[in-house]
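[1] only geometry, no sequence info:
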Ligand code: ADE
């Protein structure tokens, strides 16, 4: 997957996307991430990328010109290899990002993220985008952190990124529920024992216990998820117990 990021602060991405799983996925060729400083595309002689809103009001807006021209340059570089893709504008008024959205984006071959700063965007920038996405109901100082979170969560669904053995499908949210509790050695840690069923070797019992605990945890912590989760018949039977 190719990922382009338009940002005024390219250094912010080095700290996270160059490390750990996403960093390794780039080295191994599963992800190709490029950050473009769109200030380089401004035609303003002072290199400004923002201006005051017509009609007055507080704050500054990102201007259309640098974003349009940076996008044209990216399209020129990528259109032969990645003719299709999604262009995502980070905006607190956008579609709320969640695990289903991450899985949807992971189907694409090319994603472009446009990160704003200042108070907002010139409305004409929205012509360039397929998506407007928000991380949640709060306002960040810019779209960079939101883009990093979206890229990290999306990358986990890109084949190869987690390695061959791991699967993101058992994660919390992937089946609409929170994950069941897990334990590793020792079986008795300072008197705190692992539930006996997990060391019983009875795989059917372990399966049922995990479904039950996953449902219990979701009911306790996020009952809202149960309203939309598509439960299997096995999960429904256990929930009714
Ligand atoms: N930019 C500022 N706040 C944001 C948010 N909550 N989500 C996405 N982009 C943003």
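    Arrived safely. The shown structure was predicted, so the numbers you read here are calculated from the model rather than taken from an experiment.

[2] would you map out the domains in the protein?
    Domain segmentation of the chain under automatic domain parsing yields 2-155, 175-240.

[3] which of the ones you listed is buried the deepest?
    Highest mean neighbour count among the domains of the chain (mean count of other CB atoms under 10 Å): domain 2-155, with a mean of 17. For the C-beta atoms, the positions are set from N, CA and C on the backbone; glycine is no exception.

[4] mean pLDDT and distance to residue 161 added to the domains of the chain, as CSV?
    Shown next, in CSV, are these (pLDDT from 0 to 100; distance: least, CB to CB, whole Å):
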stretch, mean pLDDT, distance to residue 161
domain 2-155, 96, 4
domain 175-240, 94, 19
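
[5] Throw the ones you listed into TSV and include distance to residue 168, thanks.
    Shown next, in TSV, are these (distance: least, CB to CB, whole Å):
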stretch	distance to residue 168
domain 2-155	8
domain 175-240	11
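
[6] could I get the ones you listed as CSV with distance to the ligand?
    Shown next, in CSV, are the domains of the chain (distance: least, CB to the nearest ligand atom, whole Å):
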stretch, distance to the ligand
domain 2-155, 3
domain 175-240, 20
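
[7] of all the ones you listed, which lies closest to residue 169?
    Residue 169 lies closest, by CB to CB, to one member of the domains of the chain: domain 175-240, at 7.4 Å.

[8] right, and residue 152 touches residue 23 too?
    No - using CB atoms under 8 Å, residue 152 is not in contact with residue 23, being 10.9 Å away.

[9] joint contacts of those two?
    residue 17 (CB atoms under 8 Å, 6 or more residues apart in numbering).

[10] mind checking the longest strand of this protein?
    Counting by DSSP state E, the longest strand found in the chain is strand 86-96.

[11] off-centre distance for the biggest helix by length in the chain?
    When the chain is scanned for its longest helix (criterion: DSSP state H), the result is helix 203-221. Taking CA atoms, centre = their mean, to the nearest Å, one finds helix 203-221 lying 26 Å from the centre of the chain it belongs to.

[12] ditto for stretch 138-154
    Taking CA atoms, centre = their mean, one finds stretch 138-154 lying 8 Å from the centre of the chain it belongs to.

[13] one more: stretch 84-92?
    Taking the mean of its C-alpha atoms, stretch 84-92 sits 12 Å from the chain's own mean (CA atoms, centre = their mean).

[14] which residues of this structure fall in helices?
    Taking DSSP H, the helices of the chain run over residues 11-17, 20-27, 64-78, 99-105, 144-155, 203-221, 223-228, 233-240.

[15] check which helices and strands the last one sits against.
    When you say that, I think you mean helix 233-240. Packed against helix 233-240 by the contact rule (3 or more CB pairs under 8 Å, 6 or more residues apart in numbering; DSSP states H and E) you find helix 203-221.

[16] OK, contacts around the residue sitting furthest away from the middle of the chain?
    In the chain, counting by CA atoms, centre = their mean, residue 191 sits farthest out from the average C-alpha position, at 39.0 Å. Residues in contact with residue 191 (CB under 8 Å, 6+ apart): none are found.

[17] which residue is nearest the middle of this protein?
    residue 150 (2.0 Å).

[18] and stretch 195-202, end to end?
    Its first and final residues considered, stretch 195-202 spans 13 Å by CA to CA, to the nearest Å.

[19] kind regards, and thank you for your time.
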